[in-house]
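>>> pasting a predicted model and its sequence here:
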Amino acid sequence: MLDVLIIGGGPAGMAASIWCKRLGLRSLLLERRAELGGQLFSINNPVIDYPGISVQTGRELVPYFLSHVHELGCSYRCNVTVMEIAVARKTVVTAEETFTAHSLILAMGSRERRLNVPGEKEMIARGEVYSASRDFHKFQGKQVAVIGGGDRALEGAWLLAEAGARVELIHRSSLFRARPEFRERVFAHPRIRIHRDTIVKRIIGESRVQAVEIRQTSHPSRLEIVPADAVFVRIGVEPNRELVQGQVQCDTDGYIITNEDGETSVKDVFAIGDLCVRPLFSSISLSVGQAARAVKRISANIFRLPS
């Protein structure tokens, strides 16, 4: 039987694997994608919160993690489909085999929140999902819709507008959560039109995105069609908790509740990274620190070390 089974191969999961090796624990990391790295591949801005390393994108940080993982000989498997996590039994069932461990570390991360409106699934299936920081040059002279009111939404709207796009910024509230510097830039930009207290009803387009249908919350019966060559959905993230739903205690937004060591409501089951950290506090360095603390607690439990 393994000492530790880690589910998720992002920064938190990789750091946990490294610490398991460092502390002499038999561990295995399972990752559903073809390679380790998790959401590092989705970060297209400079990484400024990881002391000692300066990189321009999250992708550039991946080799640093991997070199450490490989140097220590950490055990991991990619392309693994986890079918079931039996939390109480510390057992994980995959498409190929079943694993049991003394302790579980849940590091499945989070995903982009969706609008869940007609046309969105079709848009994603067609591959019309873009990064404002990477793809802004594609939309010069075009009209785009950005949905959301946080940092990512406003920063993306500004980048697109600066690149020459006409931006329709659509937010369900009149208040924007973004940082003041982003609000100042966006509110003053001549190529950004802001729709406050407005929700998206559907995304229109058969072979490609052509428009969005919106409705002001103060006028429920009044619908407006806004032309758009692309839609950037930036309404936050949600934790990938489905496999442990109902088995560990979560807060009202689905984030797993843990104690200071990362232990969940089930003994010897830990959660680290974006699975238990809200976006306001999320960072790579925090995830790595959480991994270290969780593994140290597991080590102390297994080897019966004093706290």
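Received the coordinates, thanks.
>>> in the chain, which helix or strand is least confident?
Least confident helix or strand, the chain: helix 132-135 with a mean of 92, by mean pLDDT, DSSP states H and E.
>>> where exactly do the strands run in the stretch 201-307 of the chain?
211-216, 223-227, 230-233, 237-239, 269-271 (DSSP state E, counting those that start in this stretch).
>>> any chance of these in TSV, with mean pLDDT, mean neighbour count and distance to Arg196 too?
(Each C-beta comes from the backbone N, C-alpha and C, glycine too.) Output for the strands of the stretch 201-307 of the chain, formatted as TSV (pLDDT from 0 to 100; neighbours: other CB atoms under 10 Å; distance: least, CB to CB, whole Å):
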stretch	mean pLDDT	mean neighbour count	distance to Arg196
strand 211-216	97	19	8
strand 223-227	97	14	13
strand 230-233	98	23	17
strand 237-239	96	19	23
strand 269-271	99	28	36
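>>> ok, which of the ones you listed comes nearest Arg22?
strand 269-271 (16.5 Å; CB to CB).
>>> how far off centre is that closest one?
Here strand 269-271 is found 18 Å from its chain centre; the criterion is CA atoms, centre = their mean, to the nearest Å.
>>> same question, stretch 63-82
Remark: stretch 63-82 is offset 20 Å from the chain centroid, using CA atoms, centre = their mean.
>>> give the next helix or strand downstream of the least confident helix or strand of the chain.
Downstream of helix 132-135, the first helix or strand assigned by DSSP states H and E is strand 143-147.
>>> tell me what that following strand is packed against?
Where contact means 3 or more CB pairs under 8 Å, 6 or more residues apart in numbering; DSSP states H and E, strand 143-147 is packed against helix 151-162, strand 166-170, strand 230-233.
>>> between the ones you listed, which one is nearest to Glu60?
Comparison of the helices and strands packed on strand 143-147 against Glu60 by CB to CB identifies helix 151-162 as nearest, at 19.3 Å.
>>> buried residues in that closest one?
151-161 (16 or more other CB atoms under 10 Å).
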